[in-house]
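# give me a 3D structure for the following:
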Amino acid sequence: MIEVQDLDVRFGAVHAVRGVSFAIAAGESFGLVGESGSGKSTVLRALAGLIPGWTGAMSLQGRALGPKRDRTFFRSVQMVFQDPYGSLHPRQTVDRILAEPLAIHGLDGAEARIRRALEEVSLSPIVRFRYPHQLSGGQRQRVAIARALIADPSVLLLDEPTSALDVSVQAEVLNLLADLRAARQLTCILVSHNLAVVAHLCERLAVMQQGKVVEALDVAALRAGQAQHPHTRDLIALSRDLDG
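Take a look at the predicted model:
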């Protein structure tokens, strides 16, 4: 479904991503893990078409991707950002937020689609005509997920989707994402600094440090303590310390 080869991204003198490569099968969930500044979110944004200045090669379902993407791409690939309050228009109601992608892609049956979208993310119909500031953080992120899915994409890009939420809400949103992925057979890329979050949603992951992929392994190997790179081991140790 997705292939990335030798991806490089520079911002002036900053070499943010250095020769990153990976491939993801249809229906698979893949994690990119690393500390802040490791380049993982930059990879996701380049893949989403939000960063035009990259080199290397990227493809979706065998079709090469260039710096500019067409409407078909943006219907197939949607992104959920880290901060739902920043990604939702503060002066639009939930109804308007969900109706906008339907209008952009020329999709009919807006009323039924909006009702279904709210139901899928377990939001009451009463939130439909509320504004983002009238919702909790968890509700706002559920709206952001509904907006990403309302045009029926095949790929969902998740940039730290729970890190801005209270701990008590994080598990609810993670379980929701797992259920939606299974129900819709979505291909997902999850960016996170939290190994437990990645292990919950993904089958495989790549560990990034200073813009490079330093190790790739599956979640079974991660749980069995079979990580080889020192940075991966450090992340595992830190995760265990935080859990403790």
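
# how about residues contacting stretch 50-64?
Stretch 50-64 is contacted from outside by 1-11, 17, 19-20, 42, 45-47, 65, 67-68, 73, 76-77, 79, 155, using C-beta atoms under 8 Å, 6 or more residues apart in numbering. To be clear about C-beta, it is placed using only N, CA and C from the backbone, and glycine gets the same treatment.

# and the average pLDDT for that stretch is what?
For stretch 50-64, mean pLDDT is 94.

# next: stretch 30-39.
On average, stretch 30-39 scores 92.

# go through that stretch and flag the buried ones.
Phe30, Gly31, Leu32, Val33, Gly34, Ser38, Gly39 (16 or more other C-beta atoms under 10 Å).

# packing partners of the longest helix anywhere in the chain?
Assignment by DSSP state H gives helix 167-184 as the longest helix of the chain. Contacts defined by 3 or more C-beta pairs under 8 Å, 6 or more residues apart in numbering; DSSP states H and E place helix 167-184 against helix 137-149, helix 195-201.

# and among those helices, the most buried is which?
Ranked by mean neighbour count under mean count of other C-beta atoms under 10 Å, the helices and strands packed on helix 167-184 are led by helix 137-149, which reaches a mean of 23.

# okay, the most centrally placed residue in the chain: pLDDT?
Centroid-nearest residue in the chain, with C-alpha atoms, centre = their mean: Leu158, separated by 0.9 Å. For Leu158, the model assigns a pLDDT of 96.

# my guess is it meets Ile189, correct?
Yes: using C-beta atoms under 8 Å, Leu158 is in contact with Ile189, at 6.8 Å.
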